[in-house]
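# What shape does this take:
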Amino acid sequence: MLVLLLPHTPPHTHTHAMTTTVVFDNGAGSLKAGFAGDEKPRRTLKNLLVRSKKGREYIGDEIDAMQDRGSLLYRRPFYRGLLLNWELEMAIWSRALSRDLLNVLGRGPSINQSINQS
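Below is the predicted model of the structure:
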C-alpha cells in the first residue's frame, strides 16, 4: 500500500487546497485509489496500459471506453508479482490522480518528489 500526502481541493467548493492523504492499494492487476478515512476506494483502475493499432494509448479506466479491441498491445508494470516497469506504473498513478478521477494531480509536489522524500 502506498500513502501520499498531497494538496487537494474538494470538488464543488471554493476553499483553498488542504492536505489530504491519498491511499493506493497497488496490486498487479488493479489499483484501488481513494482518500484516508473513506469507507471504500473512490476508484478502481486496471493496472495496465493498452496501445491500439493507431498508436493511441489507454490507461486504467480509459480501457473500458475503447470501441475497437482488436490487435491491441497490452503492457503491465508487474510480472509474476514483481514491479518491473516503474515508468509505466508512474503513468498509471498519474492517471489515478488526474482531474478526471481523484482530482489531485498538479497541486503540489510531483509523485516522484513525494516518493523520493519518503
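
# longest helix in the chain, by residue count?
Criterion DSSP state H: the longest helix present in the chain is helix 86-97.

# Run through who's touching it.
With C-beta atoms under 8 Å, 6 or more residues apart in numbering as the test, helix 86-97 has contacts from 6, 22, 24, 26, 31, 33, 43, 45, 47-49, 59-62, 75-77, 83, 101-102, 104-105, 111-112. The way it works is simple: take the backbone N, C-alpha and C, and place the C-beta from them, glycine included.

# for that helix, which positions count as buried?
By 16 or more other C-beta atoms under 10 Å, the buried positions in helix 86-97 come out as 88-89, 91-93, 95-97.

# any idea how far that helix is from the chain center?
Put simply, helix 86-97 sits 5 Å off its chain's centre (C-alpha atoms, centre = their mean, to the nearest Å).

# just stretch 82-98 next, same as before
Relative to the chain's own centre, stretch 82-98 is displaced by 7 Å; criterion: C-alpha atoms, centre = their mean.

# and the longest strand along the chain, which strands flank it?
In the chain, taking DSSP state E as the definition, the longest strand is strand 18-26. Here strand 18-26 has these sheet partners by DSSP bridges: strand 2-8 (antiparallel), strand 30-35 (antiparallel).

# Look up phi and psi at the residue lying closest to residue 75 once chain neighbours are set aside.
Spatial nearest neighbour of residue 75, excluding adjacent residues (C-beta to C-beta, 6 or more residues apart in numbering): residue 49 at 4.6 Å. Main-chain torsions, residue 49, degrees, to the nearest 10: phi -120, psi 140.

# I'd guessed residue 49 sits against residue 57; true?
Yes - between residue 49 and residue 57 there is a contact under C-beta atoms under 8 Å: 5.9 Å.
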